[in-house]
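Colleague: could you look at this predicted model? Sequence included:
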Amino acid sequence: MAAENNNRISSFFRTAGVQIAEPVVFIGKVVSQFPSLFRKRGFRRKEMLYYLDLCGAKSIPVVTLICFLMGAVLGIQAALQMRKVGTEIFVVDLVGFSVLKEFGPLMVAMISTGRAASAFAAEIGTMKVNEEISALETMGIDPAAYLVYPKLLAMLISLPLLAVFGDAAGIAGGMLVGSSLNIPFQAYWARTIAVLDQMTFLLGVAKTLVFATLITLAGCYCGFRASSDAQGVGRGATSAVVLSIFLVVVADAVITLLYSFIGY
Amino acid sequence: MTNAKNIKLEIKDLVIGYGDRIVLQDLNFHVRSGEIFCIMGGSGCGKSTLLKHIIGLFRPQSGDILISGQSIVNATAEERRLIMRHFGVTYQGGALFGSMTVAENIALPLREYTDKSRQEIEEIVNEKLELVDLAGFGNFMPSELSGGMCKRAGLARALALNPDLLFFDEPSAGLDPITSAGLDRLILSLREQFNTTIVVVTHELDSVFAIADRVIMLDKASKTIVADGSPADLRAHSENAWVREFLSRDGLKRNAGEQ
Amino acid sequence: MNEREQNLRIGIFAVTGLLLILAMLFFFGLSDIFVKKVQLFTYFSESVQGLNVGSQVKYRGVPVGSVSQLSIEMDSKKVFVIMDIEPRYFRNITRSGDQETAFFKMFEGEIQNGLRCRLEFAGITGMKFIDLDYFASTGKHASAAAVRQTYAKLPGAHYIPSVQSSIKDLSGTLSSALERFSSIRFEDIAHELERSLGRMSEILSDPAIRSAINRINDAAEHLEVSTSTVTRVLDEKRLTRLLDTLEKDLEVIKQLGEQLSGITTEMKLPESTAAFRKALDDLLESREDITSTLSKFNQTLESIRMLTDYLGTDPSSVIKGKQAPGQKK
């Protein structure tokens, strides 16, 4: 009995250790395969284009719509409060900075967790069920690198671009609300380009590079970890979304903190 | 044991399992060059697990696996990849990459490991497709193929690099008897044409008797090999009653009836 | 073909994305690169709370630029401000030459004429902007040449002196007023007042005054009698008979008048009576009778003074006065 308890405790610690170590091992695997990207034919262009289409181009409508509405909602809420003290023109500042710094990048990341992270996890999980992962391995191809890098690159390209779409849509949303709340279009636009600077814009967009990496890694990791059955694939996709959202929000907090050190 | 040159695959004192659970132990066998070798056993005895260890997907708990004299267990990651290029594996469902066409699937190892031009690769792909009776299906997506075709396409991919050792995981599972027999003929013709060493994991008796030179039988209870020899010989003369029953249709039927 | 569609989508995605990036970079600041700017700098000795990098700089209300740098001089502890001014806001119709030199030419002239910069509040938010304009209180400031020698060498930048913001000005005025106010010696004034009042009461209680008052009373009565007599005499036309008496009376009155006018001038009565009355009310409660006397005395004095003035200038007016009723004849 005591021995069994002992066993259980030790196995608990072993699994806990494995759970912490596993993602790190996974990241190590991916990073160690980085040089293979520069090998001849080491990169799968076609796959990358597929994901660029899936996670980037096809996400434009939803990203634009959500960010537009986000900007409009922000504008309404800000205007309602600022109207009390007669400072409606600062709605422009609030919407502009919020969208550029947070909502643009964050909304894009959130949409991508839904679209990309779950898709990655499900895809890799299914490949595992079909023994495609094993096939890759026995072909002498490292599946982690082979499957992760095209996705990663596609995400690293598409998320910043999507964030730009989101930024533009968000500001447009604020502008629409502003024009219906006695801030003329010209005044809104003039104020927007006066207060917003390219550094804020670029730093906001740069955030999405971190988000893209986290979402891709989380999605792929959950796919690789999923158990090899239909339910396992479903669970893997779910946990990929949950893990990505968690990581994105934590990373956003950390980045915001880091940005505050350099004054943004 | 015959001379070392002839031995393609050698398993020494192998113990495999997951965590604390031992699946199989005391495994000692070898496969000669040009031989068709079957690994048999009841469901859940660990034959697929054993295969995954042999092809280097899993690490055994102890013991050694030598492929053409090189240990796949103690190899570094890079060395293991090199060893892996010298054998082909055909998976149960074919394991074709769903995002690529059949031709692209077959071309993948060629693109990865050879400096062949696009033209040459195309020629090899067509040749392999012809070999597995899939000529003209190169531009099909795997999802558009039937189960048997997927398996054959998988075989074509496994053959792409002209390996001298081939592993089959349950080649006839899920196939009708005629397709299954066709696959058996394909395996035999491969050996005839290329003198390929072939290791098959299966429990299809018809296949075993049709193709196998030698079989080993794994037992779930004793977690080890209970028989080693040619199938006909074992069916007739095995000391183990369970082996004889397994290899005869009666035995199989009775076993099924018990469950 | 599916692949073609995919490539088309990716192409649209990439192209519009890149265009958007370029547009945003352009509008959010890169456009500034293409706008010509000149630099002005100044020092503020007051706190610039509410001023930030990017705060507006207005020239007579027109936003012509922004603050580009804020720092503190180590030696003087003054706040050093660099402003980026866009000369394109200054339209050049008559002047020739390029915008920048034209601007600086105009600018130098403006500073000579007293153009200064000052911190102003922008709305109620506490944010500030820098206003370039002519201000009433120019304050003291180092000359542009001196500043250029003492402070940082900013090639191409021009110095504009600053004046204290109106808030700072107001508080300065207020504090100096308070300072002056506090320098008034209220205690000394009170002492002085007390002493004067004491002397006043001394003078009033002087027996000489008392007798003078009595004599004035008598004289007044006498005069009253005399005038009534005069009237009667005039009425009865016995003028000549009474001439002697009158002559005598006149003499007495003249004497009295001189005496009184001496007293009155000495006491500066017209100016002081009100103050005296007040002081007496407060300080001499013990001598309530004086108050009533004083009022009478006042009245009497007033009439006497008038009379004496009258008589002093033309004693014979008494006779003319006699004649006045005679005019009725």
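Modeller: Looks like it came in fine. Numbers count the residues shown, from 1 in each chain, chains lettered A, B, ... in the order given.
Colleague: do the longest helix seen in chain A and chain C meet at all?
Modeller: If you go by DSSP state H, chain A has its longest helix at helix A:143-180. Yes. Judged by CB under 8 Å from any CB of the partner chain, helix A:143-180 comes into contact with chain C at A:Ile157, A:Ser158, A:Leu161, A:Leu162, A:Val164, A:Phe165, A:Asp167, A:Ala168. (Glycine included, C-beta is placed from N, CA and C.)
Colleague: in chain B, which helix or strand is least confident?
Modeller: Ranked by mean pLDDT, DSSP states H and E, the weakest helix or strand in chain B is helix B:249-258, scoring a mean of 49.
Colleague: anything in the helix or strand that contains A:Ala253 near chain B?
Modeller: Using DSSP states H and E, A:Ala253 falls within helix A:230-261. No. Contact of helix A:230-261 with chain B (CB under 8 Å from any CB) is absent, the minimum separation being 13.2 Å.
Colleague: what are the buried residues along that helix?
Modeller: A:232-233, A:235-237, A:239-241, A:243-245, A:247-248, A:251-252, A:255, A:259 (16 or more other CB atoms under 10 Å in any protein chain shown).
Colleague: between the residues of helix A:143-180 next to chain C, which sits nearest A:Val73?
Modeller: In terms of CB to CB, no member of those lies closer to A:Val73 than A:Asp167, at 15.7 Å.
Colleague: find the nearest non-adjacent residue to that closest one, please.
Modeller: A:Gly104 (4.1 Å; CB to CB, 6 or more residues apart in numbering or on different chains).
Colleague: which stretches of the stretch 101-250 of chain C form strands?
Modeller: C:115-121, C:128-134, C:158-159 (DSSP state E, counting those that start in this stretch).
Colleague: by contact count, what packs against the longest helix that chain C contains?
Modeller: Longest helix in chain C, counting residues (DSSP H): helix C:207-236. Secondary-structure packing of helix C:207-236 (3 or more CB pairs under 8 Å, 6 or more residues apart in numbering or on different chains; DSSP states H and E): helix C:243-267, helix C:288-313, helix C:317-326.
Colleague: which stretch in those helices is the model least sure about?
Modeller: The minimum mean pLDDT among the helices and strands packed on helix C:207-236 belongs to helix C:317-326 (a mean of 50).
Colleague: ok, the nearest residue to C:Phe121 once chain neighbours are set aside - contacts?
Modeller: Setting aside the residues directly before and after it, C:Phe121 is nearest to C:Lys128 in space (CB to CB, 6+ apart), at 5.8 Å. Going by CB atoms under 8 Å, 6 or more residues apart in numbering or on different chains, C:Lys128 touches C:Val48, C:Gln49, C:Gly50, C:Leu51, C:Ser55, C:Leu119, C:Glu120, C:Phe121, C:Ala122.
Colleague: quick one, which of those are buried?
Modeller: Counted by 16+ other CB under 10 Å, the contacts of C:Lys128 give C:Val48, C:Leu51, C:Ser55, C:Leu119, C:Glu120 as buried.
Colleague: so which of the residues you listed comes closest to B:Gln193?
Modeller: C:Ser55 (84.6 Å).
Colleague: skipping adjacent residues, who's closest to that closest one in space?
Modeller: Per CB to CB, 6+ apart, closest to C:Ser55 is C:Val67, 4.6 Å.
Colleague: angle of the helix or strand hosting the one you found against strand C:128-134?
Modeller: C:Val67 belongs to strand C:62-72 when elements are defined using DSSP H and E. Compare the direction of strand C:62-72 with that of strand C:128-134 by axes from the mean of the first three to the mean of the last three CA atoms, to 10 degrees and you get 120 degrees.
Colleague: strand C:62-72 pairs with which strands?
Modeller: Within its sheet, strand C:62-72 is paired with strand C:56-59 (antiparallel), strand C:79-85 (antiparallel), according to DSSP bridges.
Colleague: and the residue of the stretch 1-150 of chain C found nearest chain B, how many neighbours?
Modeller: At 10.8 Å from chain B, C:Asn2 is the closest residue in the stretch 1-150 of chain C, using CB to the nearest CB. C:Asn2 has 6 neighbours, counted by other CB atoms under 10 Å in any protein chain shown.
Colleague: ok, A:Gly28 next?
Modeller: 12.
Colleague: pLDDT weak spots in chain A?
Modeller: Applying pLDDT under 70 to chain A flags residues A:1-18, A:36-43.
Colleague: what parts of it come near chain B?
Modeller: A:41, A:47, A:50, A:126-127, A:130-132, A:134-135, A:137-142.
Colleague: now what about the helix ranked longest in chain B, what contacts it?
Modeller: Secondary structure of chain B per DSSP H: the longest helix is helix B:177-194. If you take CB under 8 Å, 6+ apart as the criterion, helix B:177-194 is touched by B:34, B:36, B:132-133, B:148, B:151-152, B:155, B:159, B:162, B:164, B:166, B:168, B:171-172, B:175, B:196, B:198, B:200, B:204, B:206-207, B:210-211.
Colleague: list the contacts of the helix or strand encompassing the residue nearest to A:Asp167.
Modeller: Taking DSSP H and E as the definition, A:Gly104 sits inside helix A:104-112. For helix A:104-112, contacts defined as CB under 8 Å, 6+ apart pick out A:55, A:59, A:62-63, A:66-67, A:70, A:155, A:159, A:162-167, A:170, A:204-205, A:207-208, A:211-212, A:215, A:244-245, A:248, A:252.
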